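1. Have a look; sequence and predicted model below, questions after that.
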Number of protein chains: 2
Amino acid sequence: MNSLPTYEDRLSLNQISTKGWSLPEAVRGCAEAGVPAIGLWRDKVAETGLARSAKLCRDAGLAVSSLCRGGFLTAAGPAARRAALADNLQAIEEAAELGTDTLVLVVGGLPEGSRDLVGARAQVADLIGELAPHAGDFGVRLAIEPLHPMFCADRAVVSTLGQALDLAEPHPADRVGVVVDSYHVWWDPELAAQIARAGAGGRIAAYQVCDWTLPLPADPLLGRGHVGDGHIDFGRLTDLVAGAGYDGWVEVEIFNQRVWDAPGRETLETMKSRHLAHVVRR
Amino acid sequence: MNSLPTYEDRLSLNQISTKGWSLPEAVRGCAEAGVPAIGLWRDKVAETGLARSAKLCRDAGLAVSSLCRGGFLTAAGPAARRAALADNLQAIEEAAELGTDTLVLVVGGLPEGSRDLVGARAQVADLIGELAPHAGDFGVRLAIEPLHPMFCADRAVVSTLGQALDLAEPHPADRVGVVVDSYHVWWDPELAAQIARAGAGGRIAAYQVCDWTLPLPADPLLGRGHVGDGHIDFGRLTDLVAGAGYDGWVEVEIFNQRVWDAPGRETLETMKSRHLAHVVRR
């Protein structure tokens, strides 16, 4: 059989999409809505406690699709580098304890006052090299997330899937992979080629979805829409990801004040129907 | 001699930077400030009249570095395609009459209601193929401008220099080139390679500058700053452009309400000092 994944049973709630919910509320919400997996955030895990968070997910029968997030590797100076390493080592251990093999990395923007993009990118490569063996020790994979180029200065100097793969490929595929997030990569003229490359190398660690909607809000971090509300062709994108052999979770990650203001259950129901309408392949 | 261009005498005002000025005012402003070239906008030219605009520039001894802009090639349907072709043919003639060999193309975003990015990009390639011979007839070069990926949905489905070069290279280099605009390309991990490629092919038709400043404003079109106000390393970028053999104009193109609210003379003086401080090579 060469049948491609349909993703029908692969929906996951990234818990930022229900930002108003605590971790226990999000776990209960997923269980009640029949959503089989959840992507957790470290601040929410800390609020509830690591061991208790892990137990809540296990007891509810929920898979943990990822932990968000490590990274922020670009701050200048030895002390800042050491602090970034320490924080990421802790995140790796948290991921392992939570039962996920995927730690999402948002690598960080330009250091304060710096215009040295080349240098910041080199530092990211260095620190990923230092972290990768530790991730391997814990059975966790570092999932480098390219962010949309509009976040290059302030959030992530990794801006394309191709660049993320360049960073990942020096390391074993089970230690360093990449995130395919629709919002960040949909515009890329190299999208099909780079997803194929990622799949061929076994590097797709996560597939996250939300839509590109306009106008951008005053805070451009919060402009993401439910799947189907915007300009992204999820049929094509999902076919590329499926064709590359990815059969993991489809995690819905939405930063949007209107979505956050909606009741969590409503968000989950919308997610489910949009997943069926736009993402599931038949 | 293999000396690289210093750009000291290559400063040009793109007249959008002094949006409050009419074309005659902008021409006079440049002449008084000792700025030797101007990039014109079609709406401003239309306001003043084509022949008179051309004469004003000639009489002031100003070079016309470019005409902004043609493009908007993505609208769906035969009638819209014909209208886009007609408009661009007219823009080519206007460029020739104004004495510039450079017509900047902003190719347009997704057609209304469409998510077919692949199709929109294919249509752009088609229509550039139709326009290129006409541009050649008039001694004008189509300068494809990749816009920052945040404008992919609504303004330009050409998002990287590499993609612009893919579109340009099927045509003779004196008919179709690319624009290197700092704001749109600074984040690109492929920047050095693609500028070198553009230079090797003789494809750099224009070098436009302004800075990436944060936060993005409510209208993200208007977030561009004076050179030196933001996060772009103009030393590196200019060295790449110079190393690629570009010895043309350095056109300052700023979309920013605060800059537009400033007196035009002040804008020109700021441009001149920033040009010396950040762009000129020594």
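-> That came in fine, so what should we check first? Numbering: from 1, shown residues only, chains lettered A, B, ... in the order given.
2. Could I get the average pLDDT for the longest strand seen in chain A?
-> Assignment by DSSP state E gives strand A:63-71 as the longest strand of chain A. Strand A:63-71 shows a mean pLDDT of 97.
3. Which of the residues in the helix or strand that it is followed by are classified as buried?
-> Beyond strand A:63-71 on the C-terminal side, the first helix or strand identified by DSSP states H and E is helix A:78-98. Buried residues in helix A:78-98, counted by 16 or more other Cβ atoms under 10 Å in any protein chain shown: A:80-81, A:84, A:88-89, A:91-96, A:98. Just so you know, the C-beta spots here come from the backbone N, C-alpha and C atoms, and that holds for glycine as well.
4. ok, residues contacting the longest strand of chain A?
-> With contacts defined as Cβ atoms under 8 Å, 6 or more residues apart in numbering or on different chains, strand A:63-71 is touched by A:12, A:14, A:16, A:36-42, A:45, A:57, A:87-88, A:91-92, A:94-95, A:98-100, A:102-108, A:131, A:142-143, A:145, A:156, A:205-206, A:248-249, A:251, A:253.
5. Remind me which helix or strand A:S53 belongs to.
-> Here A:S53 sits within helix A:50-59, counting by DSSP H and E.
6. Just want the angle from that helix to helix A:78-98.
-> Relative orientation of helix A:50-59 versus helix A:78-98 (axes from the mean of the first three to the mean of the last three Cα atoms, to 10 degrees): 40 degrees.
7. quick check: angle from helix A:50-59 to strand A:63-71?
-> Angle, helix A:50-59 to strand A:63-71, by the same axes, to 10 degrees: 150 degrees.
8. Helix A:50-59: which residues count as buried?
-> In helix A:50-59, counting by 16+ other Cβ under 10 Å, buried: A:53-54, A:56-57.
9. go on, stretch A:200-210?
-> By 16+ other Cβ under 10 Å, the buried positions in stretch A:200-210 come out as A:203-210.
10. Can you give me the end-to-end span of that stretch?
-> Counting by Cα to Cα, to the nearest Å, you get 25 Å between the two ends of stretch A:200-210.
11. And what about the residue nearest the centre of chain A, helix, strand or coil?
-> Geometric centre of chain A, nearest residue: A:V104, 5.2 Å, by Cα atoms, centre = their mean. At A:V104 the chain is in strand, as set by DSSP: H, G, I helix; E, B strand; the rest coil.
12. Helices of chain A, residue ranges please.
-> A:23-33, A:42-48, A:50-59, A:78-98, A:117-137, A:161-168, A:182-185, A:191-200, A:234-243, A:257-261, A:264-274 (DSSP state H).
13. With respect to burial, which of those helices scores highest?
-> Greatest average neighbour count among the helices of chain A goes to helix A:182-185 (a mean of 25), per mean count of other Cβ atoms under 10 Å in any protein chain shown.
14. ok, is that one in contact with chain B or not?
-> No: judged by Cβ under 8 Å from any Cβ of the partner chain, helix A:182-185 makes no contact with chain B; its nearest approach is 9.3 Å.
15. separation between A:A120 and B:D181?
-> For A:A120, the distance to B:D181 (Cβ to Cβ, to the nearest Å) stands at 22 Å.
16. Can you give me the distance of A:A156 to chain B?
-> The gap separating A:A156 from chain B is 10 Å, by Cβ to the nearest Cβ, to the nearest Å.
17. swap that for A:C152, please
-> The value you get for A:C152 to chain B, if Cβ to the nearest Cβ is used, is 4 Å.
18. returning to what we had before: in TSV, list the buried residues of helix A:78-98 along with pLDDT.
-> Output for the buried residues of helix A:78-98, formatted as TSV (pLDDT from 0 to 100):
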residue	pLDDT
A:A80	96
A:R81	95
A:A84	97
A:N88	98
A:L89	98
A:A91	98
A:I92	98
A:E93	98
A:E94	98
A:A95	98
A:A96	98
A:L98	98
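19. Go back to these and keep what's next to chain B.
-> Residues of the buried residues of helix A:78-98 in contact with chain B (Cβ under 8 Å from any Cβ): none.
20. Dump those residues to a markdown table, plus distance to B:A262.
-> Shown next, in a markdown table, are those (distance: Cβ to Cβ, whole Å):
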| residue | distance to B:A262 |
| --- | --- |
| A:A80 | 37 |
| A:R81 | 41 |
| A:A84 | 40 |
| A:N88 | 45 |
| A:L89 | 50 |
| A:A91 | 46 |
| A:I92 | 50 |
| A:E93 | 53 |
| A:E94 | 50 |
| A:A95 | 51 |
| A:A96 | 56 |
| A:L98 | 53 |
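21. tally of neighbours for A:G139?
-> Applying other Cβ atoms under 10 Å in any protein chain shown, we find 13 other residues in the vicinity of A:G139.
22. Hmm, A:D101 and it touching each other?
-> Yes: using Cβ atoms under 8 Å, A:G139 is in contact with A:D101, at 5.9 Å.
23. Now do the contacts for the residue nearest to the centre of chain A.
-> Applying Cβ under 8 Å, 6+ apart to A:V104 gives the contacts A:39, A:66-71, A:143, A:145, A:179, A:206.
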